[in-house]
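Undergrad: Pasting the sequence and the predicted model now:
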Amino acid sequence: MRLIVIVVVLVSFQIGYSQEKQEIKPPAESTPTDQNKDNTKLQETDLIEANKAIPSELASKEESQKTLDRSIGLLNIVAASMAVLVGLITLVFLIGATFGLFEYKRWKEVRARIEKDAKSIGELRSNLEKQVEAIRKEIEKTVPINLTEKPSGELAEKLDELSRKMEMLEAFGFPLRFQDYLNRARDLFYKEKYGLSLEAIDKAIEINSKIAPVWSNRGVTLRKLNRFEEALKAYEKAIELDPTFAMAWMNITTLFLELKRYKDGLNKIERAIKRWPDDPELWSQKGVALNGLKRHKEAIEAVDRAIELKPDFAGAFYNKACSFSLLNNKNQALIFLSKAIELDKGLKKQATSDEDFRNLWEDEDFKKIVQ
């Protein structure tokens, strides 16, 4: 564009310059002559002037012709420049069109590959969904409600397989269900990954926050993380949602006893016993709470009720031995401790560190029982 502007300016300048040269200066005014001059002299003068004007006109015509020629030459240059410019523009368009056609073909190839890959991914996802659904059905038949109940080896393997396949589905943007998060939480809990298990439970609660066992399991997980106050609140929430859910009652009373909050524990246990008066676990727990409150005779009565309901209840015999030890009744304490260990050998180790037997730790008879 700059070239075109320059050429047009040059042409305009040249034409203007030529026009200036073609201008003829007006003749100078002559002074009046004597009216008496001879007419012949005037005629001679006119003839001489006429002869002088002829070569001047010829020169002017030649100059005009040269100016015209130069203008035509410049116009030819402009025309040639325009032709070159049009050619360049055409070339640019041709190159752009060729490149665009190449890119279009390339894009079609890429798109075809993407569509093929998308189809393969869709088939893989569909197969994964079918496999996950089959595993879900198997697990739902046997999975324990409470996290404290450990699954069998086969069920643990199924949970692990389900978790891995659900991770793959998530990578494909597949939304997990409420039960999927619960199964993931169980798998992670049994692998002792309590923090991740809690995250999965919370995801399930985001979907449905009205299920009591889920809140109870949240409490169990928080307890493993030593977040006891949060665990108690989770158990309370479970009881609020379903007052008949016995496991939540058992979990909260057990935690109160572990925290040595015997008064709170006893309160919850007595409320639970009103609902389930024939539960030996609750009567045995009542004995522990009463021992903690130094009400040892009442504790023995509560434990006797547990033994009456379940004669082979090792924990009840152990708690009765604790009560007699705290009453400094060595003989009765060792009798019931021996019975408890007979039913559950694991209680030997527990007795050697239980503060309720501190006064007997150095006793030889006690040592023989727990060795």
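TA: Cool, got the structure.
Undergrad: Domain ranges for this structure, per the record?
TA: 130-259, 262-371 (automatic domain parsing).
Undergrad: Please name the nearest non-neighbouring residue to residue 339.
TA: residue 317 (4.6 Å; CB to CB, 6 or more residues apart in numbering). (C-beta placed from N, C-alpha, C; glycine too.)
Undergrad: ok so, going back, need the domains of the chain in TSV (columns: mean neighbour count and mean pLDDT).
TA: Formatted as TSV, the domains of the chain follow (neighbours: other CB atoms under 10 Å; pLDDT from 0 to 100):
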stretch	mean neighbour count	mean pLDDT
domain 130-259	17	85
domain 262-371	18	96
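Undergrad: Let's have the ones you listed in a markdown table, adding distance to residue 109.
TA: Shown next, in a markdown table, are the domains of the chain (distance: least, CB to CB, whole Å):
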| stretch | distance to residue 109 |
| --- | --- |
| domain 130-259 | 25 |
| domain 262-371 | 69 |
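Undergrad: Let me know whether the residue nearest to residue 339 touches residue 334 as I believe.
TA: No: judged on CB atoms under 8 Å, residue 317 makes no contact with residue 334 at a distance of 11.7 Å.
Undergrad: if I pick the residue nearest to residue 339, what's in contact with it?
TA: By CB atoms under 8 Å, 6 or more residues apart in numbering, the contact set of residue 317 is 307, 336, 337, 339, 340, 343.
Undergrad: so what does the host helix or strand of the first one touch, helix or strand wise?
TA: According to DSSP states H and E, residue 307 maps onto helix 296-309. Judged by 3 or more CB pairs under 8 Å, 6 or more residues apart in numbering; DSSP states H and E, the packing partners of helix 296-309 are helix 280-292, helix 314-326.
Undergrad: what sits up against the first one?
TA: Same thing as helix 280-292. Contact with helix 280-292 is made by 249-250, 253-254, 256-257, 260, 262-263, 265-266, 269-270, 272-273, 276, 296, 298-300, 302-303, 305-307, 309-310, 313, 315-316, 319-320, 322-323, 326, 356, as judged by CB under 8 Å, 6+ apart.
Undergrad: To residue 200, which of the helices and strands packed on helix 296-309 lies closest?
TA: helix 280-292 (28.5 Å; CB to CB).
Undergrad: Helix 314-326 and that closest one, what's the angle between them?
TA: Relative orientation of helix 280-292 versus helix 314-326 (axes from the mean of the first three to the mean of the last three CA atoms, to 10 degrees): 20 degrees.
Undergrad: and helix 280-292 with helix 296-309, angle?
TA: 170 degrees.
Undergrad: looking at the domains of the chain, which is closest to residue 89?
TA: domain 130-259 (48.8 Å).
Undergrad: who does the host helix or strand of residue 155 touch, helix- and strand-wise?
TA: Using DSSP H and E, residue 155 maps to helix 153-171. Contacting helix 153-171 under the criterion 3+ CB pairs under 8 Å, 6+ apart are the following elements: helix 39-142, helix 178-190.
Undergrad: And those, which one averages the lowest pLDDT?
TA: Lowest mean pLDDT within these: helix 39-142, a mean of 59.
Undergrad: Chain neighbours aside, what residue packs nearest to residue 219?
TA: By the measure of CB to CB, 6+ apart, the closest residue to residue 219 outside its immediate chain neighbours is residue 234, 3.5 Å from it.
Undergrad: That neighbour and residue 240: what is the separation?
TA: To residue 240, residue 234 is 11 Å away according to CB to CB, to the nearest Å.
Undergrad: got the angle between whichever strand or helix holds residue 342 and helix 296-309?
TA: Remark: residue 342 resides in helix 330-343, with elements defined by DSSP H and E. Relative orientation of helix 330-343 versus helix 296-309 (the same axes, to 10 degrees): 30 degrees.
Undergrad: List the contacts of helix 330-343.
TA: 312-315, 317-318, 320-322, 324-325, 347-348, 351, 357, 360, 363, 365-366, 369-370.
Undergrad: who are the neighbours of the next helix or strand after it, in terms of helices and strands?
TA: Using DSSP H and E, the helix or strand that follows helix 330-343 towards the C-terminus is helix 347-351. Helices and strands touching helix 347-351, by 3+ CB pairs under 8 Å, 6+ apart, are helix 314-326, helix 330-343, helix 364-370.
Undergrad: export those helices to TSV and tack on distance to residue 203?
TA: TSV is the format used below for the helices and strands packed on helix 347-351 (distance: least, CB to CB, whole Å):
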stretch	distance to residue 203
helix 314-326	36
helix 330-343	41
helix 364-370	46
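Undergrad: closest one to residue 194 among these?
TA: Counting by CB to CB, and looking across all of these, nearest comes helix 314-326 at 25.4 Å.
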